[in-house]
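> Here is my input; please provide its structure:
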Amino acid sequence: MKIAVTAKGNDLDAPMDPRFGRAQAFFIWDSETKTGHVIDNSAGVNAAGGAGVTAAQTMSQAGVTVVITGHAGPKAFSGLQASGIDVYLAQEGTIRQVIEAFEAGTLEKQTSA
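A predicted model of the protein is given here:
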């Protein structure tokens with residue numbers, strides 16, 4: 001399973017970013033291989049509009065099945081849902097901490113925008 005965490009840095013100990021479309025980056029964690037990589041989102045940070053929709057498309061293209069973020073707006077949430085991507089909510093912590101919380105089943109699943 002590929003899990004994307006909105007991130008403010010490039011490694012597991014970086015803080016998560018509570019924003020989705022305007023997050024600095026997306027940390028993509030492969031739960032099977034226990035490896036990760038980063039997708040830069042500077043285009044989303046600086047976008048005049050449509051950052052959430054573009055980020056949802058990026059997640060779909062990356063093969064992500066779960067996104068962990070602080071908030072996904074209505075258009076982004078719809079795009080993620082249409083791609084079969086579940087959204088889980090976390091407000092703070094490192095990327096490592098929120099992945100561990102997801103794997104422990106303690107994060108809330110976002111069910112509507």
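> Next secondary structure after the worst-scoring helix or strand of the chain on mean pLDDT?
Least confident helix or strand of the chain, by mean pLDDT, DSSP states H and E, is helix 42-45 with a mean of 80. Sequence-wise, the next helix or strand downstream of helix 42-45 (DSSP states H and E) is helix 51-61.
> Tell me which other helices or strands the least confident helix or strand of the chain touches.
helix 51-61 (3 or more C-beta pairs under 8 Å, 6 or more residues apart in numbering; DSSP states H and E). Every C-beta, even on glycine, is put in place using the N, C-alpha and C of the backbone.
> Got the phi and psi for the residue nearest to D13 when sequence neighbours are not counted?
The shortest distance from D13 to any non-neighbouring residue, by C-beta to C-beta, 6 or more residues apart in numbering, is to T94 (5.2 Å). When read as degrees, to the nearest 10, the backbone of T94 gives phi -80, psi 170.
> contacting residues for T94?
Under the criterion of C-beta atoms under 8 Å, 6 or more residues apart in numbering, the neighbours of T94 are 12-16.
> where along this protein do the helices fall?
Taking DSSP state H to define them, one finds helices in the chain at 42-45, 51-61, 74-82, 95-104.
> Out of those, which gets nearest to G21?
Smallest distance to G21 across those (C-beta to C-beta): 3.3 Å, for helix 51-61.
> buried stuff in that closest one?
Buried residues in helix 51-61, counted by 16 or more other C-beta atoms under 10 Å: 51-56, 58-60.
> Restrict the contacts of T94 to the buried ones and give me that as a PyMOL selection.
Command for PyMOL that selects the buried part of the contacts of T94, burial taken from 16+ other C-beta under 10 Å:
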select buried, resi 12+14+15+16
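> circling back: list the buried ones in the least confident helix or strand of the chain?
So helix 42-45, judged by 16+ other C-beta under 10 Å, has buried residues G44.
> outside of it, which residues touch it?
Against helix 42-45 from outside (C-beta under 8 Å, 6+ apart): 21-24, 51, 54-55.
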